[in-house]
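Visitor: Pasting a predicted model and its sequence here:
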Amino acid sequence: MNTPSADIVVVGFDRSQAASRALAWAADEAARRETELHILHALGVYLPETTHQGVPDKDLLEAEEDLEQAARRAQEGRDGLVVTWEAVWDEPVAALIRMTRQVALAVVGARGLNRFSAVLLGSVSQRVAAHSAGPVVVVRGTQDKANVAVPGAVVLGAAPGESPDAVEFAFAEAARWHAPLHVVRAWMYPQVLPGYLAVPLSDAEEYVAKERAELADMLASGRYAFPDVDVTEEIRPTEPEEALINASHTARLVVVGARRHRPPFSMPLGKVVQRVLHHADCPVAVVPT
């Protein structure tokens, strides 16, 4: 067993196919960042009074053997990549959330627990995305798009008042992968009743101009810090989750901001982030704000 150093990429691992895809994505990300990859496997909470003699040691040994093999796979074709790993007796969500407080990026696989596993998100990945202290990438997609060699842009969902952290993360990822950045801003006319617009369609140009000006201010610092990133903008009237899910079909990564301070009794993740996490066709980065 090894212990992680400071600014690293950590990936949750649990022997599933989804975890293997997350491992491959995280290994490529760590190699691009020229940093360490740490593989974490949480076996669950160990209760000595309810566990048969010798079972914990056996489970831990098997987990460590699996992690050694996973570490070797992560290093294949990635010269110089440093990989550390550990197996711990802990609840997976709690272990991963604690880890997000001390690493640069956490990566988890999207795990479906029923016949809708191709599109729905597992409880571990959803809870980690909802409560992490730092950026989390959920590796999902109905096609084999965990492979970062697949061409495509980094897509940023730029909501009004989007966090500078999410913008900076998206620009940095695009620069890191030598990929274009596609910024999506969706807006809807206020509706008096379903199907009845409160704002005439003739005002669309003025509305788009206002959105474009706000977007320019939002992206200014990212453009300055990463001048070589090719940026395109998409501003159109539609639901934001629909626009982002459509963009994910050809993207390598979708980046969304997630507010951590939400009103009482509200869901930990907003509607847009929830739907993108459940239905995107590529990995999704959730950046807490």
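Guide: Good, I have the coordinates.

Visitor: Provide a list of residues in contact with the residue nearest to His182 when sequence neighbours are not counted.
Guide: Residue nearest to His182 in three dimensions, not counting chain neighbours: Ala153, with 4.1 Å by Cβ to Cβ, 6 or more residues apart in numbering. For glycine as for every other residue, the C-beta is placed from the backbone atoms N, C-alpha and C. For Ala153, the contacting residues are Ala174, Ala179, Pro180, Leu181, His182, Thr232, Thr250, Ala251, Arg252, by Cβ atoms under 8 Å, 6 or more residues apart in numbering.

Visitor: 6 Å instead, please
Guide: Ala179, Pro180, His182, Ala251 (Cβ atoms under 6 Å, 6 or more residues apart in numbering).

Visitor: Counting neighbours, which of those comes out on top?
Guide: Using other Cβ atoms under 10 Å as the neighbour criterion, Ala251 leads the contacts of Ala153 with 26 neighbours.

Visitor: so it touches Ala170, yeah?
Guide: No. Judged on Cβ atoms under 6 Å, Ala251 makes no contact with Ala170 at a distance of 11.1 Å.

Visitor: Which of the contacts of Ala153 sits closest to Asp66?
Guide: Ala251 (31.3 Å; Cβ to Cβ).

Visitor: Spell out which residues sit in contact with Val124, please.
Guide: Pro92, Val93.

Visitor: ok, it to Pro288 distance?
Guide: 17 Å (Cβ to Cβ, to the nearest Å).

Visitor: Then Gln126?
Guide: For Gln126, the distance to Pro288 - Cβ to Cβ - is 14 Å.

Visitor: do Ala280 as well
Guide: Taking Cβ to Cβ, one finds Ala280 at 18 Å from Pro288.

Visitor: out of these two, which sits in the busier spot?
Guide: Ala280 (29 against 20).

Visitor: if I pick that one, what's in contact with it?
Guide: So Ala280 contacts Ile245, Ser248, Val254 (Cβ under 6 Å, 6+ apart).

Visitor: Export the contacts of Ala153 as JSON lines, with columns for distance to Ala18 and secondary structure.
Guide: Listed next are the contacts of Ala153 as JSON lines, based on distance: Cβ to Cβ, whole Å; DSSP: H, G, I helix; E, B strand; the rest coil:
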{"residue": "Ala179", "distance to Ala18": "23", "secondary structure": "coil"}
{"residue": "Pro180", "distance to Ala18": "28", "secondary structure": "coil"}
{"residue": "His182", "distance to Ala18": "26", "secondary structure": "strand"}
{"residue": "Ala251", "distance to Ala18": "19", "secondary structure": "coil"}
